[in-house]
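Enquirer: Here is my input; please provide its structure:
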Amino acid sequence: MNLQHLKYMTEVERTGSVTKAAANLFMGQPNLSKAIKEVENEIGITVFRRSAKGVYPTPEGERFLARAKAVLEEMGKLEALYKQDNSPGLFTFCVPAAGYVPELLAQLARTLSVNTECITAPFYLAAENVSEGICKIAAVRCGDECRDFFIALINEKNLRSEQIFSGKYRLTASLQSPIPKIKDPTPEALSGYICITSGEDNKSREETEKRIALRNGSDPLELLSNLPEAYMLAEPIPEGRLRKYGLAQREIQWGGGFTDFLITPSGYKPDEYSAAFALCLKNVINKQEI
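Expert: You can find the predicted model right below:
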């Protein structure tokens, strides 16, 4: 099974007809039917049923096709990134799900004279993007518990890293929540509350009965401000942003820490855009004193 087979299957689902799909794919109907049967035999399920009105997916087929479409969509994005990265008019970079990112993007917009593309990604995906040439530079965040894995990954991908900042996570919650008033906010004391985690947060919350994991760059501070029964472990947040969202932070002993890095290909000489990105990043972090 390959990507072409996935395209065949999704086109059959879209048209509801093997004959129509074959015509759209510029191939013979017997060849398309044979390809479908080969995929079904390989994965061990029946993807399509035939009826007098055409073909329709089985329940197992619907789940398979949903995954197939997701794979094709991601491949399309990847191909687009490669094409765009080769364009002299586009600067692509990766950032973590960190509070400084909005100010970083604002500074870059005022500094750079080219179009920019920002990819929010955990450090292991950012490292992959830099290694594969999708972007030439990335800001990443690594939790203390992942430090050994991060170092091994950087070495494996032949990347260079520069430490920018390190800090400790703080307990963060809405001012409308009882959480900031808990005398000793241990993990056990928080077990009845909802824990919000981001794409950078890989630490286990075994004590937490319920959690919400944000993996798409959603703003966790906005969610916290509207969900008093929730908390998260976050970087130190400037007072201005805390007031904006109506949040409070407390230092804790058990939250662990993190380190922010810049990563580039080993031996890479920064161009003017990467150099501007690195300078803006350092300025923003120093300014916010996170």
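Enquirer: ranges for the helices of this protein?
Expert: 3-15, 18-24, 29-43, 59-85, 101-111, 123-131, 147-156, 220-225, 239-245, 272-288 (DSSP state H).
Enquirer: Could you tell me the least trusted of those?
Expert: Ranked by mean pLDDT, the helices of the chain end with helix 59-85 at the bottom, a mean of 78.
Enquirer: Which strands or helices does that helix pack on?
Expert: Applying 3 or more Cβ pairs under 8 Å, 6 or more residues apart in numbering; DSSP states H and E, one finds that helix 59-85 contacts helix 3-15, strand 90-95. No exception for glycine: its C-beta is placed from N, CA and C like everyone else's.
Enquirer: any chance of those in TSV, with mean neighbour count too?
Expert: As requested, those are exported to TSV (neighbours: other Cβ atoms under 10 Å):
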stretch	mean neighbour count
helix 3-15	18
strand 90-95	22
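Enquirer: Redo those as TSV? Include distance to residue 22.
Expert: Formatted as TSV, the helices and strands packed on helix 59-85 follow (distance: least, Cβ to Cβ, whole Å):
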stretch	distance to residue 22
helix 3-15	9
strand 90-95	38
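Enquirer: before we move on, back to that, dump the helices of the chain to a markdown table, plus distance to residue 169.
Expert: Converted to a markdown table, those look like this (distance: least, Cβ to Cβ, whole Å):
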| stretch | distance to residue 169 |
| --- | --- |
| helix 3-15 | 40 |
| helix 18-24 | 51 |
| helix 29-43 | 42 |
| helix 59-85 | 30 |
| helix 101-111 | 17 |
| helix 123-131 | 16 |
| helix 147-156 | 14 |
| helix 220-225 | 12 |
| helix 239-245 | 15 |
| helix 272-288 | 16 |
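Enquirer: neighbours of the nearest residue to residue 213 once chain neighbours are set aside, just the number please.
Expert: In this structure, residue 213 finds its nearest non-sequential neighbour in residue 197, 5.0 Å apart by Cβ to Cβ, 6 or more residues apart in numbering. Neighbourhood size, residue 197 [other Cβ atoms under 10 Å]: 20.
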